[in-house]
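1. the amino acid sequence is not available; the structure is as follows:
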């Protein structure tokens, strides 16, 4: 039970201390999951991010589910997922009743402006870590550039981009294995 509560409270802290959605949680997820608790390796966490991005839902919630499942199975995934969404649920329910009374105040608008800037920096930091951990060879560089261009300038669904990148990775692995067995 201690391990389950550790999953819950760790992900509750992550969910309560990060603002700006799933991507803003990535640096804290990396620190807690990889460095502090060693529930996953850096590479496993990147895989969780990739699968979490390709599946419905918020990336941090999906990642919590994967980590919880790896540690304690279905019950672990329930505790980790509950932990990451609990703070947002409490905060949203608390704010929902009176946000209309305060949203027009200058101080509130300035606070949200500051929060948006901080969240942008957190997302940039997570992006830099993801790129450093994922782009390791020429194929990675090509996929990175192609994905950036495709997602930024073309009206193509992210689903097709992720599926295409996965297929390219599978084909690349198959070709590399075939080359290795021929030697």
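-> That came through, no problem. Values in this document were obtained by computation on a predicted structure and should not be read as measured data.
2. contacting residues around the worst-scoring helix or strand of the chain on mean pLDDT?
-> Scoring the helices and strands of the chain by mean pLDDT, DSSP states H and E places helix 99-102 at the bottom, with a mean of 74. Applying Cβ atoms under 8 Å, 6 or more residues apart in numbering, the set of residues contacting helix 99-102 from outside is residue 108. C-beta: built from backbone N, CA, C; applies to glycine.
3. cool, and stretch 135-153?
-> Residues outside stretch 135-153 that contact it (Cβ under 8 Å, 6+ apart) are 131, 134, 156, 158, 161, 165, 168-169, 172.
4. any idea how far residue 109 is from the closest residue to residue 52 other than its chain neighbours?
-> The shortest distance from residue 52 to any non-neighbouring residue, by Cβ to Cβ, 6 or more residues apart in numbering, is to residue 62 (3.3 Å). From residue 62 over to residue 109 the distance is 32 Å, taken as Cβ to Cβ, to the nearest Å.
5. the two - which one has more neighbours?
-> The residue with more neighbours, out of residue 62 and residue 109, is residue 62; 21 against 12, by other Cβ atoms under 10 Å.
6. looking at it, the more buried one is touching residue 48, isn't it?
-> Yes: contact criterion Cβ atoms under 8 Å: residue 62 and residue 48 qualify, at 7.3 Å.
7. residues near residue 105, how many?
-> Neighbours of residue 105 under the rule other Cβ under 10 Å: 10.
8. go on, residue 23?
-> By the criterion of other Cβ under 10 Å, residue 23 has 22 neighbours.
9. break this protein down into its domains, please.
-> Per automatic domain parsing, the domain ranges recorded for the chain read 2-132, 135-183.
10. fine, thanks again, bye for now.
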